[in-house]
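Colleague: turn this into a model:
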Amino acid sequence: MPLNDLIAQARAGDPAALGELLDQHRDQLRALAESDLGKKLQRRVDASDVVQQTFLIAHRCFEQFRGETDPELIAWLRTILNQNVQEAVRRHVHAQHRTVTQEVSIQSAGTTSLPLDPPAADPTPSQRLARREETLELLTALESLPADQREAVRLKHLDDLSLSEIAAIMSKTEAAVAGLLRRGIAALKQRLRSDS
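Modeller: From the prediction side, this is the model:
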């Protein structure tokens, strides 16, 4: 079935069409996940699990996909995949920082050494899902910007580069980059307001 028909049927709520649409990209996403995770992290995180999590989110949030073409779909799925890879990396780094030598039993520490305020609990699954959906909505809105605005916003707010660095990368003046950022942020705010 042609891709456009699959997208239309998936938008109409056909789970089989959405499943087929996503399954066509499974191998590509798995290869991207393996590349992003690297050999060391792949010992702890299975790329297939990251792809499956990506598909679960894509199923729940497909109405947020605004594209019509295969490259747009891949870019949207890649955004979700990147988020899942980043979360896996965060979990891995957090696990590495918690070593047995750093942990002390309550008995050996004595009750007086306990902190007054217990550390904040990890976010609940529903909080993580809500944060992912908000991020996905923002990234989808970002994809709707003209290419130069999107690139400037991405470099400034996702890659945390300075105006001069962005100007050098984009071969523009700092004033031109500042203008792109102003227009891009204004368009993002308007898009997010209209979607809510």
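
Colleague: contacts, neighbours, all on C-alpha from now
Modeller: OK.

Colleague: which element is the residue nearest to the spatial centre of the chain on?
Modeller: Geometric centre of the chain, nearest residue: residue 83, 2.8 Å, by C-alpha atoms, centre = their mean. Using DSSP states H and E, residue 83 sits within helix 70-97.

Colleague: that helix - contacts with which helices or strands?
Modeller: When contacts are defined as 3 or more C-alpha pairs under 8 Å, 6 or more residues apart in numbering; DSSP states H and E, helix 70-97 sits against helix 26-42, helix 47-61, helix 125-143.

Colleague: need the winner for burial among the ones you listed.
Modeller: helix 47-61 (a mean of 18; mean count of other C-alpha atoms under 10 Å).

Colleague: that one vs helix 26-42, what angle?
Modeller: Angle of helix 47-61 versus helix 26-42, following axes from the mean of the first three to the mean of the last three C-alpha atoms, to 10 degrees, is 130 degrees.

Colleague: may I have helix 47-61 as PDB, with CA atoms only?
Modeller: Extracted C-alpha coordinates of helix 47-61, given in PDB (Å, rounded to 0.1, in the frame of the first residue of the first chain):
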ATOM      1  CA  ALA A  47      18.200  -1.300  20.900                       C
ATOM      2  CA  SER A  48      15.100  -3.300  20.100                       C
ATOM      3  CA  ASP A  49      13.600  -2.200  23.400                       C
ATOM      4  CA  VAL A  50      14.300   1.500  22.600                       C
ATOM      5  CA  VAL A  51      12.600   1.000  19.200                       C
ATOM      6  CA  GLN A  52       9.600  -0.700  20.800                       C
ATOM      7  CA  GLN A  53       9.300   2.200  23.300                       C
ATOM      8  CA  THR A  54       9.500   4.600  20.300                       C
ATOM      9  CA  PHE A  55       6.600   2.700  18.600                       C
ATOM     10  CA  LEU A  56       4.500   2.800  21.800                       C
ATOM     11  CA  ILE A  57       4.800   6.600  22.000                       C
ATOM     12  CA  ALA A  58       4.300   7.000  18.200                       C
ATOM     13  CA  HIS A  59       1.000   4.900  18.600                       C
ATOM     14  CA  ARG A  60      -0.200   7.100  21.400                       C
ATOM     15  CA  CYS A  61       0.800  10.400  19.800                       C
END
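
Colleague: just how off-centre is it within its chain?
Modeller: Centre-to-centre, helix 47-61 and its host chain are 11 Å apart (C-alpha atoms, centre = their mean, to the nearest Å).

Colleague: what sits up against stretch 40-54?
Modeller: With contacts defined as C-alpha atoms under 8 Å, 6 or more residues apart in numbering, stretch 40-54 is touched by 26, 29-30, 33-34, 37, 77, 80-81, 84-85, 88-89, 92.
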